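1. Quick one, what's the 3D model for this:
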Amino acid sequence: MFDKSFESLRLNLLELLKSKHEWLLSGKEYADLPESIRGAIEEQQNSSERFISWIQIAILVVFSVLYTMAPKTSPIGAEFEPVPIFLGTYFVFACLRLYLSYTSRLAHWILFLSILVDMGLLLGLIWSFHLQYMQPPSFYLKSPTLLYIFIFIALRALRFEPGYVLLSGIVGAAGWLLLMVLAILDESGRSVITNDYVIYLTSNSVLIGGELDKMISILVVTFILTLAISRARRLMVRSIVDGRTAESLSLFIPEGVASQIEKSDGPLINAQTETREASILFVDLTSFTSLAESLPPENLIAVLNEYFLLISGPIERNHGVINQFQGDAILASFNLPTEDPDHASSAISAALEIQRVLHEYQFEGGITLSTRTGINTGTVVGGFIGTPVRLSYTVYGDSVNIASRLQVLSKQYNTANLVSFRTMQLCDHERFAFKKKGSEILRGRTHPIVFYEASAK
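-> Residues are numbered from 1 along each chain as shown. Below you'll find the model as predicted:
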């Protein structure tokens, strides 16, 4: 019974330590990130460590210059000057850490050791002042160099790991406590403790309350920075995840729609739709059935992906937006959701460029492909459709249906493209020529549609 209770206590303690370790160093959210993102964060952390090292080296240089310029009160000809020794030692250590940060990722134990050495050398430097200036130990407690402890703690906040900030603050406060104890235990036998604030400020006496105030200030600043870094790290991780999600989302929806999603406050299904005149381009692969019969499924998918990559270029270069991949067909819109005042000309230019690119290109195995396109211009609605838990963005309206029907009719009229009268009317006639191919009453309509074949001049 006792053994079970002890084992349960041990496991609970280990779990507590593990959770605190995760919070102090990285955070649980960090462990759930993909390896590629963790690698990017670690590289950023390493960059921060290099920045910290450079700042510390700069501080050392400034401190050395100030020390060199300051008048010396040590006896003339004194051989032992501890301040330059501490400054030189710390400079060597800072350069070594800087070198390691450039050549490899710094392990946690190196960073912990670095913090101990940072604070140890700084506190050792402060302690050495009474030797340098031939004063009793309590002399160093008045040193304004104490402020560098706060600087060293703040530098640790450049990494998004609260544990290093916390360790710096605890070591700094503990070090100052040790310095106070050493000053009180002065072997001269004199009582250095005082309760008089004026005497404390004007002599080498020690006011314990005053020194405790310094330690409390160090700890309070440390805990505030620790909490701030912890919250900032959670926000950083969430921002990275959101950014990665947005990147992935951009593969499925147009960039303009992604911008709408970022600005949307409520459910996307309730997001406002856009209605405007736009040009719709339908692109369909000819002889797809025979291609599917002649190729193994994995080869067919590879050819289709290569084909889609090839023809998406002309659409995007002409300011079009691919809304849907429908089997071997593509539905693209011009002027919705991305504005394009010359959308009719852009749609025709994209269709003709697709024909030209495919005519000059051979797929693996010597396969050549061709397309037929239908283009129509009219009022179109763009928005999200589906359910609150599964949505897709599309453009819809009668004008979209007409573009689809024109693409189907292009085979009957033995042409690579058909464009509607409205598209022909709006486009730049200095760039394109049109040949009337006919007119038909399309299925579901009562009035005939006049259509043309477009070509470049």
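2. First-to-last residue distance for stretch 442-451?
-> Stretch 442-451 stretches 11 Å from its first residue to its last (CA to CA, to the nearest Å).
3. any idea how far the helix or strand containing Ser290 is from the chain center?
-> When elements are defined using DSSP states H and E, Ser290 is found to belong to helix 288-294. Offset of helix 288-294 from its chain centre (CA atoms, centre = their mean, to the nearest Å): 44 Å.
4. Outside of that helix itself, list whatever touches it.
-> Leu285, Leu300, Val303, Gly327, Asp328, Ile367, Leu369 (CB atoms under 8 Å, 6 or more residues apart in numbering). (C-beta placed from N, C-alpha, C; glycine too.)
5. What of stretch 201-210?
-> Counting contacts by CB under 8 Å, 6+ apart, the residues outside stretch 201-210 that touch it are 135-136, 138-139, 141-142, 180, 183-184, 192-197, 199-200.
6. Got a quick PyMOL command for the buried subset of these?
-> Selection of buried members from the contacts of stretch 201-210 for PyMOL, criterion 16 or more other CB atoms under 10 Å:
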select buried, resi 136+138+139+141+142+180+183+184+192+194+200
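7. Between which two of the contacts of helix 288-294 is the distance greatest?
-> Farthest apart among those by CB to CB are Gly327 and Ile367. That separation is 17.7 Å.
8. residues touching Arg156, list them.
-> For Arg156, the contacting residues are Ile52, Ile115, Tyr164, Val165, Leu167, Ser168, Leu225, taking CB under 8 Å, 6+ apart as the criterion.
9. And the pLDDT for the second one?
-> Think Ile115. Confidence at Ile115, expressed as pLDDT, is 88.
10. With neighbour numbers in mind, choose between Gly327 and Ile367.
-> Legend: neighbour count by other CB atoms under 10 Å for Gly327 and Ile367, higher for Ile367 (15 against 10).
11. Nearest residue to the more buried one in space, ignoring adjacent ones along the chain?
-> With CB to CB, 6 or more residues apart in numbering as the measure, Val303 is the residue that lies nearest to Ile367, at 6.4 Å, once sequence neighbours are left out.
12. Quick one, which of the contacts of Arg156 are buried?
-> Ile52, Ile115, Tyr164, Val165, Leu167, Ser168, Leu225.
13. Which pLDDT value belongs to the last one?
-> Right, the one you point to is Leu225. If you check Leu225, the pLDDT there is 91.
14. shouldn't it be in contact with Leu155?
-> No - counting by CB atoms under 8 Å, Leu225 sits too far from Leu155 to count as a contact (10.5 Å).
15. could you measure Ser392 against Pro341, distance?
-> Using CB to CB, to the nearest Å, one obtains 27 Å as the distance from Ser392 to Pro341.
16. One more: Asp213?
-> 69 Å.
17. Excluding sequence neighbours, find me the nearest residue to Asn195.
-> Among residues not flanking Asn195 along the chain, Leu207 sits closest, at 7.1 Å (CB to CB, 6+ apart).
18. next one: Phe112
-> Leaving aside its sequence neighbours, Phe112 is closest to Leu167 (6.7 Å, by CB to CB, 6+ apart).
19. looking at it, that neighbour is touching Ile115, isn't it?
-> Yes - counting by CB under 8 Å, Leu167 does reach Ile115; the two are 5.3 Å apart.
20. With distance to Asn417 and secondary structure added, can I get the buried ones among the contacts of Arg156 in CSV?
-> Conversion of the buried ones among the contacts of Arg156 to CSV gives the following (distance: CB to CB, whole Å; DSSP: H, G, I helix; E, B strand; the rest coil):
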residue, distance to Asn417, secondary structure
Ile52, 62, helix
Ile115, 69, helix
Tyr164, 64, helix
Val165, 65, helix
Leu167, 69, helix
Ser168, 69, helix
Leu225, 65, helix
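21. Out of those residues, the closest to Tyr99 would be?
-> Checking the buried ones among the contacts of Arg156 against Tyr99 with CB to CB, the nearest one is Ile52 at 13.7 Å.
22. buried residues in stretch 52-69?
-> Residues of stretch 52-69 classed as buried by neighbour count (16+ other CB under 10 Å): Ile52, Ser53, Ile55, Gln56, Ile57, Ile59, Leu60, Phe63.
23. before we move on, what about stretch 419-430?
-> For stretch 419-430, the neighbour count (16+ other CB under 10 Å) marks Val419, Ser420, Phe421, Arg422, Thr423, Met424, Leu426, Cys427 as buried.
24. per-residue confidence at the second one?
-> Note on Ser420: pLDDT of 95.
25. So what pairs up with it in the strands?
-> For Ser420, the residues forming beta bridges with it (DSSP bridges) are Phe451.
26. List the residues that contact it.
-> Listed by CB under 8 Å, 6+ apart, the contact set of Ser420 reads Ile375, Asn376, Thr377, Gly378, Ile402, Ala403, Leu406, Ile449, Val450, Phe451, Tyr452.
27. Make TSV from those residues and add distance to Ala433 to it.
-> Written out in TSV, the entries for the contacts of Ser420 read as follows (distance: CB to CB, whole Å):
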residue	distance to Ala433
Ile375	15
Asn376	19
Thr377	18
Gly378	23
Ile402	22
Ala403	21
Leu406	18
Ile449	20
Val450	16
Phe451	15
Tyr452	9
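28. Now a PyMOL select for only the buried ones of those.
-> Of the contacts of Ser420, the buried ones can be selected in PyMOL as follows, counting by 16+ other CB under 10 Å:
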select buried, resi 375+376+377+378+402+403+406+449+451+452
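29. Farthest pair within the contacts of Ser420?
-> Pairwise distances across the contacts of Ser420 peak at 15.5 Å for Gly378 and Tyr452 (criterion: CB to CB).
30. Longest strand of the chain, counting residues only.
-> The residue-count maximum for a strand in the chain (DSSP state E) belongs to strand 371-387.
31. what packs against that strand?
-> Strand 371-387 sits against strand 274-285, helix 343-360, strand 390-396, helix 398-412, strand 417-420, helix 421-426, with contacts defined as 3 or more CB pairs under 8 Å, 6 or more residues apart in numbering; DSSP states H and E.
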